[in-house]
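Q: give the three-dimensional model of this entry:
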Amino acid sequence: MKRGFVYIMANKYNTVLYTGVTGDLCGRVHKHKSGEGSGFTIKYKTTKLVWYDEYPRMRDAIEAEKKIKKWKRKWK
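A: The predicted structure follows:
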């Protein structure tokens, strides 16, 4: 089984949040910081890791990400 991470990245002023899931947190954070990845990340410059959680199975991480994406911004 592959472990998974759910993470939240923010822009410089913490006005934009990006929630994602990955099996390689260090690699994904590096991609955000170097401007690679999704158009959202590039457009809004979400380069600061503000939160993450580790799960023993990727399936669990994906389920957690889906729940977090439904939360109101204030709760995040």
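
Q: could you pull out the helices for the chain?
A: Under the criterion DSSP state H, helices of the chain are mapped to 25-33, 39-44, 58-70.

Q: could I get the buried residue list for the longest one?
A: Read that as helix 58-70. 58, 60-61, 64-65, 68 (16 or more other Cβ atoms under 10 Å). Every residue, glycine included, has its C-beta placed from N, CA and C.

Q: the lowest-mean-pLDDT helix or strand in the chain - contacts with which helices or strands?
A: Scoring the helices and strands of the chain by mean pLDDT, DSSP states H and E places helix 39-44 at the bottom, with a mean of 91. Secondary-structure packing of helix 39-44 (3 or more Cβ pairs under 8 Å, 6 or more residues apart in numbering; DSSP states H and E): strand 17-22.

Q: cutoff 10 Å now
A: The helices and strands touching helix 39-44, judged by 3 or more Cβ pairs under 10 Å, 6 or more residues apart in numbering; DSSP states H and E, are strand 4-10, strand 17-22, helix 25-33.

Q: residue contacts, L17?
A: Residues in contact with L17 (Cβ atoms under 10 Å, 6 or more residues apart in numbering) are 8-11, 44, 46, 50-51, 68, 73, 76.

Q: return the members of those classed as buried.
A: Neighbour-count burial (16+ other Cβ under 10 Å) applied to the contacts of L17 gives 8-10, 44, 46, 68.

Q: in TSV: the residues you listed, plus distance to V21.
A: Output for the buried ones among the contacts of L17, formatted as TSV (distance: Cβ to Cβ, whole Å):
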residue	distance to V21
I8	11
M9	12
A10	17
Y44	18
T46	15
I68	9
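
Q: out of the buried residues of helix 58-70, which is nearest to G37?
A: Distances from G37 to the buried residues of helix 58-70, taken as Cβ to Cβ, are shortest for E65 (15.5 Å).

Q: ok, now which ones touch the closest one?
A: E65 sits next to 4-8, 19-22, 53, 55 when contact means Cβ under 10 Å, 6+ apart.

Q: how close does it sit to T19?
A: 6 Å (Cβ to Cβ, to the nearest Å).

Q: got any residues that touch both of those two?
A: Joint contacts of E65 and T19 (Cβ under 10 Å, 6+ apart) are 6-8.
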